[in-house]
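Participant: can't give you the sequence, but here's the structure:
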């Protein structure tokens, strides 16, 4: 009989707590095994990779190794934005690879939002997928100026009004009624999803296709031809690292991706009268344009799931469960939510959670495969991974199977970010950046002008 771990994992996030199926234990790896491809990490990246490998070649023997349970990491804790956002800006991509490459990356991400919906529908994954788009509310003159600059840059790349538009106050209010809104930047290329249902459903789908998932089997070492755990080794000619922030726990991985925490809260279900005052009738995702990012969605059961940055980076890329809950940060998130929507004053916050996301040194996500060593990787999504992981899975499947597609020529393929600085420089720099974002927001609120320190930070992080 399979062990029921639902109670053990319900505190991971609101998304785990609201799953409609029990979290049951899959086998752990307690022996050596052989495969054609071994994937390290049972989150979105690993599971999408397994899914598309089976699509490309159903004969492949694919094994997934997961340290906890499928979706335990960022895949089961995020804001549920399946968006066309890519970590590196269009300007950055155009500067490094040319305008056509930037355009191709944007179009690939837009298609990926739809691809997630297509797969969920085809495979019967009830993940509450609704493509309502995103609105970024502009609540200061500085934010409005930045939005106008972003729109001009997008237009120069050939992005039309159907893909990105600047709304005035009346049109913004028809979507979202937010305190102090001067306008909004709107795009249709985002879907709200229940990420817990999506990642757990995807795990079940790949198992039905013949993929073996071993849980509670943390990998201690990755190398050419093998992935090693405490109780067994999987030998395979192709080894895929899909560990995102948890890459820091692998030998030699501490400076590859910095684990930076993002925290979230969820309200109690809100009555229709409250939603009449807020809006989001089509479950649009929303944010404002502050530097210290916040993000939210209207869930299928009528809550607001709302998150943001602000938790400190922990020395030596440390990851611990008690970092998932920082009362001061959760209190600031709840206060920011009421600031945006005063009607929520007094509403109960029922869930508080968080977790680490992976940040490369240049804020540029990457995917790649070294055919000589058989080692493949994807990650560094900087919090924009719900859709990007799907693109990563399709791209890795093409690379591994030798498919010459448009995907394998996208500008993030084979990108190599330089390593993070050693400690204490890494901690000093990352926490200084967080402080600088917060102070830039305060300065812009005070002066109404874009903060110079934010522009400097953007350049320093490769923007």
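Facilitator: Happy to help now that I have it. Bear in mind that the values here come from a model prediction, so they are computed numbers and not experimental data.

Participant: how many neighbours does residue 124 have?
Facilitator: 9 (other Cβ atoms under 10 Å). For the C-beta atoms, the positions are set from N, CA and C on the backbone; glycine is no exception.

Participant: Need the nearest residue in space to it, chain neighbours excluded.
Facilitator: residue 201 (7.9 Å; Cβ to Cβ, 6 or more residues apart in numbering).

Participant: That neighbour and residue 193: what is the separation?
Facilitator: Relative to residue 193, residue 201 is positioned 10 Å away (Cβ to Cβ, to the nearest Å).

Participant: neighbour-wise, which of those two wins?
Facilitator: Between residue 201 and residue 193, residue 193 has the larger neighbour count (other Cβ under 10 Å), namely 31 against 22.

Participant: Can you tell me how far the more buried one is from residue 414?
Facilitator: 29 Å.

Participant: Helices of the stretch 201-350 of the chain, start to end?
Facilitator: Counting by DSSP state H, counting those that start in this stretch, the segments of the stretch 201-350 of the chain that form helices are 272-278, 327-340.

Participant: hey, what's in contact with both of residue 201 and residue 193?
Facilitator: Overlap between the neighbourhoods of residue 201 and residue 193 consists of 120, 127, taking contacts as Cβ atoms under 8 Å, 6 or more residues apart in numbering.

Participant: Quick check: residue 403 is in a strand.
Facilitator: No: secondary structure of residue 403 (DSSP: H, G, I helix; E, B strand; the rest coil): coil, not part of a strand.

Participant: was I right about it contacting residue 53?
Facilitator: No: checked against Cβ atoms under 8 Å, the pair residue 403 and residue 53 is beyond contact range at 11.0 Å.

Participant: Find the residues that touch each one of these two.
Facilitator: residue 397.

Participant: Just want to know which of the two has more residues nearby.
Facilitator: Taking other Cβ under 10 Å, residue 403 and residue 53 do not tie; residue 53 has more neighbours (28 against 14).

Participant: Let me know the distance separating the residue nearest in space to the middle of the chain from residue 77.
Facilitator: Centroid check for the chain by Cα atoms, centre = their mean gives residue 385 as the closest residue, at 2.9 Å. Spatial separation of residue 385 from residue 77 under the definition Cβ to Cβ is 11 Å.

Participant: go on, residue 203?
Facilitator: Summarising the geometry, the distance separating residue 203 from residue 77, computed by Cβ to Cβ, is 16 Å.

Participant: my guess is the residue nearest to residue 124 contacts residue 125, does it?
Facilitator: Yes: in this structure residue 201 lies within contact range of residue 125 using Cβ under 8 Å: 3.5 Å.

Participant: nearest to residue 39, of the helices of the stretch 201-350 of the chain?
Facilitator: Ranking the helices of the stretch 201-350 of the chain by distance to residue 39, with Cβ to Cβ as the measure, places helix 327-340 first at 32.5 Å.

Participant: Domain map for the protein?
Facilitator: 6-78+195-257+362-409, 422-463 (automatic domain parsing).

Participant: how about a markdown table for those, with distance to residue 342 and mean pLDDT added?
Facilitator: Written out in a markdown table, the entries for the domains of the chain read as follows (distance: least, Cβ to Cβ, whole Å; pLDDT from 0 to 100):
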| stretch | distance to residue 342 | mean pLDDT |
| --- | --- | --- |
| domain 6-78+195-257+362-409 | 23 | 97 |
| domain 422-463 | 17 | 82 |
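
Participant: is it possible to export these to CSV including distance to residue 85?
Facilitator: As requested, the domains of the chain are arranged in CSV below (distance: least, Cβ to Cβ, whole Å):
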stretch, distance to residue 85
domain 6-78+195-257+362-409, 4
domain 422-463, 13
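
Participant: out of those, deepest packed?
Facilitator: Comparing those on average neighbours per residue, with mean count of other Cβ atoms under 10 Å, the densest one is domain 6-78+195-257+362-409 at a mean of 21.

Participant: ends of that one, how far apart?
Facilitator: Here the two ends of domain 6-78+195-257+362-409 are set 42 Å apart, with distance taken as Cα to Cα, to the nearest Å.

Participant: Stretch 76-89 too?
Facilitator: First-to-last distance for stretch 76-89 - Cα to Cα - comes to 26 Å.

Participant: Could you do stretch 27-41 as well?
Facilitator: Across its full length, stretch 27-41 reaches 15 Å between end residues, using Cα to Cα.

Participant: And stretch 236-243, by the same measure?
Facilitator: Stretch 236-243 has an end-to-end distance of 18 Å (Cα to Cα).

Participant: Next: stretch 240-248.
Facilitator: From its first residue to its last, stretch 240-248 covers 16 Å (Cα to Cα).

Participant: and if you look at stretch 177-189?
Facilitator: Between the opening and closing residues of stretch 177-189 lies a distance of 21 Å (Cα to Cα).

Participant: and the lengthiest helix in the chain, what other elements does it pack with?
Facilitator: Scanning the chain for the helix with the most residues, using DSSP state H, yields helix 99-123. Here helix 99-123 touches strand 81-83, helix 90-97, strand 190-192, helix 195-208, helix 385-401, going by 3 or more Cβ pairs under 8 Å, 6 or more residues apart in numbering; DSSP states H and E.

Participant: what separates the closest residue to residue 268 other than its chain neighbours from residue 269, distance-wise?
Facilitator: If the residues on either side of it in the chain are set aside, residue 268 comes closest to residue 348, at 4.4 Å by Cβ to Cβ, 6+ apart. Between residue 348 and residue 269 the computed distance is 10 Å (Cβ to Cβ).

Participant: When those two are compared, which one has more neighbours?
Facilitator: residue 269 (14 against 9).

Participant: Is the more buried one in contact with residue 300, as I believe?
Facilitator: No: if you go by Cβ under 8 Å, residue 269 and residue 300 don't touch, sitting 10.3 Å apart.

Participant: Contact partners for residue 148?
Facilitator: So residue 148 contacts residue 166 (Cβ under 8 Å, 6+ apart).
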